[in-house]
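A.B. asks: structure, please.
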Amino acid sequence: MNLVRVLPAALAALLLVLPNTIAADAKPVAEFALTDSAGKSWKLREQKNKATVVVFLDTVCPMSNGYLPALADLSKKFAEKGVGVVGVFPDSDATAKQLADHAKEYKIPFPLLLDETHAAVKALGAKNTPEAFILDETFAIRYRGRIDDGFSGRLKAKPVVTRQDLLIALDEVLAGKAVSVAGTKAFGCPIGEPAKKAAIAESAVTFHKDVLPVLQKHCQTCHRPGQVGPFALTNYKQASKWADSCLEEVKAKKMPPWKAEKNDLLGAGRSMPEEAIRVLEKWVEQGMPEGDAKDAPPPVKFPDGWTLGEPDLILEAPEETIVGANGRDLFRVVVFPTSLPEDRYIAAMEVKPGNPRIVHHTLQMIDTSGTARRLQADGQKKAKADDADHGPGYSVNMGWGFLPSPGNMLGGWAPGLLPKRLPEGIGQTLPKGADLCVQFHYHRTGKEEKDRTKIGIYFAKGPIAEKYRSIAATGLFTTIPAGNKAFQVETSWKLLDEVTVYRLVPHMHLLGKDIELRATFPGEKERVLIRIPEWDYNWQEQYELKEPLKVPKGTILKVHATFDNSGDNPNNPTSPPKAVRFGEQTTDEMCFVFLGIASKSPIWRILVPEGRLFKD
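C.D. replies: Residues are numbered from 1 along each chain as shown. This is a model prediction of the structure:
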């Protein structure tokens, strides 16, 4: 059971903002000495500042790196007011050169310090990176915790930052006032104990023999150098450093990311089986023994080129997309003209990111209306030379900026999702002259990044007996009332002809909590086709069925979803909450389960509403 969900709102809030227990006359912290990136000694008591800001950081933690631009600005702004800022790296494997390179790469103006023995960690009681401390002239702690309230959990960014905790506390300290909120909970990457060599018993689970195969199979698709995973898990040092965090995530079923509840239609997906989780758990319990490198399996050879061979058509962005260093994640649509002189049929498609570190996922669709081209042209006209985000396309927050035809949906891509050819005789129409529109979800890394993605399209080779297309089982409503934390939507649809289902793509926005699609075949009991028990807009997937599913004429499809439009929802884009309508805009909501199907019938003759349509 998720206990936070059953706690009263006031108690839940206390979990995020700790009691103001740091007194103005608090005792000075113990002295500690560290080494900076130039190899010089740095001692706390030698700092002659009105206030010293100590921020614990990590070179690979995405939350830590994401805050570096804000910390750089703070350092410059307060330097003339007698404030010193330092970054402390509690990593026993970090080197002075790594810190110097990190400072150069991220343009960090303040000193970076090595804390191999955790002297500063112990003196201040740090738990995460990033975590900030303000020390006054006597070296007493006046504030500890988050930099701002931009996160509701580890890697869970909130739509809007409403409180700059570190800035407010620093202003109050310099003004000689008591700090109004002296302690907050810092979300980030946990600071673990330095790895120790563990004794190896005959029954011990070791890294090379037992753990590395698990990581290769379930983690390294994303968690390897240059990929979207925020840290690599390819060797012992990396795995032992992140072991506690990884175990916490896999036991909570947050990683590997696979949001669909297991059923016989979908299989296990990327979910890690219980026996693999137990291997990691035993390894951590036994002290993370390394074992003999001779027991290690050979490194995995990940595909370098196109998975299905050279595509028939390769589309490439006209120029690089520039993603700024900080801020909310970027959603940007790029239009790829196909320039085809005649209609073709798509059998498979592959997305090949130019910069896998920042491409979180994509959604694709076909546009024959020219709407996306017009939005792109308008976006380019409005672009300014100093925009942090720029390049081809136009920025959006949800979808494509307009409602596409369901029949033109092409599904999505996420790391680890491999392309799959449709069976012979089945293909999706790609009309002549059509545009392929791709919505990119970009991660920010704390520094400017560039991406130029390619799209590979494979055409059907023979005659087409059935057309592949997407149909939408829509959960219809008009308005989600402000403050409603469990708004229920349920809409039923009837199939007028037999179809074959190949894939399922649920879609909601930021207020979504859960969504499912159920089917009742004629004369049979209702069954679940797909269920997402904890919807997360940041982890949208295209779910392939293990085997194509024949769905007979007369089947009832029922889409059911729950939305949370209360102030307790950290993803709510408005504060205080406002009534939200069904629609395409940023502050609107949606409720779809797209079905990738093959059928001989025209799309408008496949699915019709059943019963009452709208939920008010």
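A.B. asks: first-to-last residue distance for stretch 357-371?
C.D. replies: Distance across stretch 357-371, first residue to last, is 30 Å (CA to CA, to the nearest Å).
A.B. asks: distance from the chain centre to that stretch, please.
C.D. replies: On the basis of CA atoms, centre = their mean, to the nearest Å, stretch 357-371 sits 17 Å off its chain's mean C-alpha point.
A.B. asks: so Lys77 belongs to a strand, correct?
C.D. replies: No - in this structure, Lys77 is helix, not part of a strand, as judged by DSSP: H, G, I helix; E, B strand; the rest coil.
A.B. asks: now Leu313: how far from Val359?
C.D. replies: Distance of Leu313 to Val359, given as CB to CB, to the nearest Å: 20 Å. Glycine gets a C-beta too; all of them are placed from N, C-alpha and C.
A.B. asks: I meant Glu275, not that one.
C.D. replies: Counting by CB to CB, the gap from Glu275 to Val359 is 32 Å.
A.B. asks: Leu313 and Val359: which is more packed in?
C.D. replies: More crowded of Leu313 and Val359, by other CB atoms under 10 Å: Val359, with 25 against 18.
A.B. asks: ok, Ala293 touching Thr206?
C.D. replies: No - Ala293 lies out of contact with Thr206 (CB atoms under 8 Å); the separation is 10.0 Å.
A.B. asks: same drill for these two, tell me which one is more crowded.
C.D. replies: Comparing Ala293 with Thr206 by other CB under 10 Å, the one with more neighbours is Thr206, at 20 against 12.
A.B. asks: for that one, what are its contacts?
C.D. replies: By CB atoms under 8 Å, 6 or more residues apart in numbering, the residues touching Thr206 are 200, 283, 289-292, 295.
A.B. asks: now, which of those residues sits nearest Thr95?
C.D. replies: Ranked by distance to Thr95 (CB to CB), the contacts of Thr206 are led by Glu290 at 20.7 Å.
A.B. asks: how about the residue nearest the centre of the chain, secondary structure?
C.D. replies: Per CA atoms, centre = their mean, the C-alpha nearest to the average position across the chain is that of Asn538, at 4.8 Å. Under the three-state scheme (three-state DSSP), Asn538 adopts helix.
A.B. asks: mind checking pLDDT for it?
C.D. replies: Asn538 carries a pLDDT value of 77.
A.B. asks: ok, it touching Arg328?
C.D. replies: No - counting by CB under 8 Å, Asn538 does not reach Arg328; the two are 11.1 Å apart.
A.B. asks: how about the contacts made by the nearest residue to His208 once chain neighbours are set aside?
C.D. replies: Leaving aside its sequence neighbours, His208 sits nearest to Ala296 (CB to CB, 6 or more residues apart in numbering; 4.0 Å). Residues counted as contacts of Ala296 (CB under 8 Å, 6+ apart) are 208-209, 212.
A.B. asks: and the buried ones among these, selectable in ChimeraX?
C.D. replies: In ChimeraX, this line selects whichever of the contacts of Ala296 come out buried by 16 or more other CB atoms under 10 Å:
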select :208,209,212
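A.B. asks: and Gly66, what is it in contact with?
C.D. replies: By CB under 8 Å, 6+ apart, the contact set of Gly66 is 326, 444-446.
A.B. asks: which one of the residues you listed is nearest to Arg581?
C.D. replies: Arg444 (29.5 Å).
A.B. asks: separation between that closest one and Gly462?
C.D. replies: In terms of CB to CB, Arg444 sits 45 Å off from Gly462.
A.B. asks: so between these two, which is more surrounded?
C.D. replies: Legend: neighbour count by other CB under 10 Å for Arg444 and Gly462, higher for Arg444 (23 against 10).
A.B. asks: that one belongs to a strand, doesn't it?
C.D. replies: No - under three-state DSSP, Arg444 falls outside any strand and is assigned coil.
A.B. asks: please report how far it lies from Gly327.
C.D. replies: From Arg444 to Gly327 the distance is 6 Å (CB to CB).
A.B. asks: low-confidence ranges in the stretch 501-616 of the chain?
C.D. replies: Filtered on pLDDT under 70, the stretch 501-616 of the chain yields the residue ranges 585-586, 611-616.
A.B. asks: and the strands in it, which stretches?
C.D. replies: 512-520, 526-532, 543-551, 556-563, 580-581, 591-599, 607-610 (DSSP state E, counting those that start in this stretch).
A.B. asks: the stretch 351-500 of the chain now?
C.D. replies: Ranges of strands in the stretch 351-500 of the chain, per DSSP E, counting those that start in this stretch, are 359-367, 394-396, 409-413, 426-430, 435-442, 449-451, 454-459, 466-474, 479-480, 487-495, 499-508.
A.B. asks: nearest to Ala132, out of these?
C.D. replies: Per CB to CB, nearest to Ala132 of the strands of the stretch 351-500 of the chain: strand 449-451, 24.9 Å.
A.B. asks: which residues are contacting the closest one?
C.D. replies: With contacts defined as CB under 8 Å, 6+ apart, strand 449-451 is touched by 317, 320-323, 353-355, 357-359, 440, 442.
A.B. asks: partner strands of it, parallel or antiparallel?
C.D. replies: With DSSP bridges as the test, strand 449-451 is paired with strand 321-323 (antiparallel).
A.B. asks: give me the contacts around the strand it pairs with.
C.D. replies: For strand 321-323, the external contacting residues (CB under 8 Å, 6+ apart) are 330, 332, 334, 358, 388-393, 440, 442, 444, 448-452.
A.B. asks: how about the next helix or strand after that strand: buried residues?
C.D. replies: Toward the C-terminus, strand 321-323 is succeeded by strand 330-337 as the next helix or strand (DSSP states H and E). For strand 330-337, the neighbour count (16+ other CB under 10 Å) marks 330-336 as buried.
A.B. asks: quick one: low-confidence parts of this structure?
C.D. replies: The chain contains residues with pLDDT under 70 at 1-25, 194-203, 268, 398, 585-586, 611-616.
A.B. asks: looking at it, which helix is longest?
C.D. replies: helix 236-251 (DSSP state H).
A.B. asks: elements contacting that helix?
C.D. replies: strand 189-190, helix 274-285 (3 or more CB pairs under 8 Å, 6 or more residues apart in numbering; DSSP states H and E).
A.B. asks: got a markdown table for the ones you listed, with distance to Glu137 too?
C.D. replies: Shown next, in a markdown table, are the helices and strands packed on helix 236-251 (distance: least, CB to CB, whole Å):
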| stretch | distance to Glu137 |
| --- | --- |
| strand 189-190 | 31 |
| helix 274-285 | 42 |
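A.B. asks: circling back: what's the farthest-apart pair in the contacts of strand 449-451?
C.D. replies: Spanning the widest gap among these are Ala317 and Arg357, at 16.5 Å by CB to CB.
A.B. asks: roughly how far does Thr184 sit from Asn538?
C.D. replies: Applying CB to CB, the value for Thr184 to Asn538 is 23 Å.
A.B. asks: excluding its backbone neighbours, what's nearest Leu233?
C.D. replies: Closest residue to Leu233 apart from its sequence neighbours, by CB to CB, 6+ apart: His223 at 4.2 Å.
A.B. asks: my guess is that neighbour is in a helix, correct?
C.D. replies: No - counting by three-state DSSP, His223 is not found in a helix; it is coil.
A.B. asks: re earlier: please identify the deepest-packed of the helices and strands packed on helix 236-251.
C.D. replies: Between the helices and strands packed on helix 236-251, strand 189-190 has the highest mean count of neighbours, a mean of 20, where neighbours are mean count of other CB atoms under 10 Å.
A.B. asks: that one pairs with which strands?
C.D. replies: Strand pairing (DSSP bridges) places strand 189-190 next to strand 128-129 (antiparallel).
A.B. asks: who touches the strand it pairs with?
C.D. replies: 56-58, 61, 63-64, 90, 186-191.
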